[in-house]
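Colleague: Sequence below, structure please.
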Amino acid sequence: MKRSLVLAIALAVCPAGALADDFADCNSGKADLAISGCSKLIDSKGLTKNDGAAAYTNRGLALAKKGNVDAAIADYTKAIAIEPNLTWAYYSRGEAYIQKGDVDRGIADYGKAIAIDPKNFLAYNNRGAAYYYKGEVDRAISDFTKVIAIEPNYAAAYHNRAAGYYRKRELAHAIADFAKAIEINPKDVAAYNGRSVAYLYKGDFARAIADSRKAQQLQSADAQDSH
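Modeller: Below you'll find the model as predicted:
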């Protein structure tokens, strides 16, 4: 879940010509274009602190998209050195650390992003997922619950919390959360499959079979749409 930052100075007030083009390229979300544009802005040495930090962050996002995770982390770290309260730099560096398998550093950076912006539900969600994979299921459930409090229609949080409840064999809670995820996103194949397994463990075989069949129908429909 990556989110590109908007540079603080709007293009309308940038100088005409090459610099304006570099701002546009840096903020384009297209990896090669962003790397080129952001690099030119960084090398220009004429940016404000906010714009310099955003340029490093945007270049980091582009580098990560191309699989150059170490370089991305270096850019996020430079952005944080320039602007220590840039929540998306911490968030993005957390993603990069998770991608490298450094889960503890990822969790730490998500925590810093949350400290700066307590409404950052994506950081809560990703930190919850990291806790889940560490086996710290109660912490994961707590983070997913915070996501839901901030963004009640974010289906992934219900799905993720359901997985936590299932792992604790709190099947009624898991089924309720899978149902909420399906209510928000009726095409959530994984939620149908998850609820099917939860029903199976409860011994409710009819509902387990019904959910499994629904998941298969959705998968078949997706496969047909992709052709």
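
Colleague: going forward, measure contacts and count neighbours with C-alpha atoms only.
Modeller: Noted.

Colleague: Sketch out the low-pLDDT regions of the chain for me.
Modeller: 1-19, 224-227 (pLDDT under 70).

Colleague: neighbours around the spatially closest residue to R139 that is not a sequence neighbour, how many?
Modeller: Of all residues not flanking R139 in the chain, Y131 sits nearest, at 6.3 Å (CA to CA, 6 or more residues apart in numbering). Neighbour count for Y131, taken as other CA atoms under 10 Å: 21.

Colleague: And the one 4 residues further on, by the same measure?
Modeller: By the measure other CA under 10 Å, the count of residues near G135 is 13.

Colleague: returning to that earlier point: my read: the residue nearest to R139 touches S142, true?
Modeller: No: between Y131 and S142 there is no contact under CA atoms under 8 Å: 10.0 Å.

Colleague: C38 and T57 touch, don't they?
Modeller: No: using CA under 8 Å, C38 is not in contact with T57; the gap is 9.0 Å.

Colleague: Neighbour count: the two, which is higher?
Modeller: Using other CA under 10 Å, the more surrounded residue of C38 and T57 is T57, with 32 against 28.

Colleague: Which element, helix or strand, includes the more buried one?
Modeller: Taking DSSP states H and E as the criterion, T57 maps to helix 49-65.

Colleague: same deal with Y199?
Modeller: In the assignment (DSSP H and E), Y199 maps to helix 189-202.

Colleague: Run through the neighbouring helices and strands of that helix.
Modeller: Contacting helix 189-202 under the criterion 3 or more CA pairs under 8 Å, 6 or more residues apart in numbering; DSSP states H and E are the following elements: helix 155-167, helix 171-184, helix 205-226.

Colleague: Stretch 113-124: how far from the chain's middle?
Modeller: 11 Å (CA atoms, centre = their mean, to the nearest Å).

Colleague: got the end-to-end distance for it?
Modeller: 9 Å (CA to CA, to the nearest Å).

Colleague: what's in contact with it?
Modeller: Applying CA atoms under 8 Å, 6 or more residues apart in numbering, the external contacts of stretch 113-124 come out as 1, 85-88, 90-91, 110-111, 143-144, 146-147, 150-151.

Colleague: coming back round to it: point out the most buried one among the helices and strands packed on helix 189-202.
Modeller: Mean neighbour count (mean count of other CA atoms under 10 Å) peaks for helix 155-167 among the helices and strands packed on helix 189-202, with a mean of 25.

Colleague: Show me what that one is in contact with.
Modeller: Outside helix 155-167, the residues that touch it by CA under 8 Å, 6+ apart are 125, 129, 132, 137-138, 140-141, 144-145, 147-148, 171, 173-178, 180-182, 184-185, 191, 194, 198.

Colleague: if you set the cut-off to 7 Å instead, what comes out?
Modeller: 125, 137, 141, 144, 147-148, 171, 173-175, 177-178, 180-181, 184-185, 191, 198 (CA atoms under 7 Å, 6 or more residues apart in numbering).
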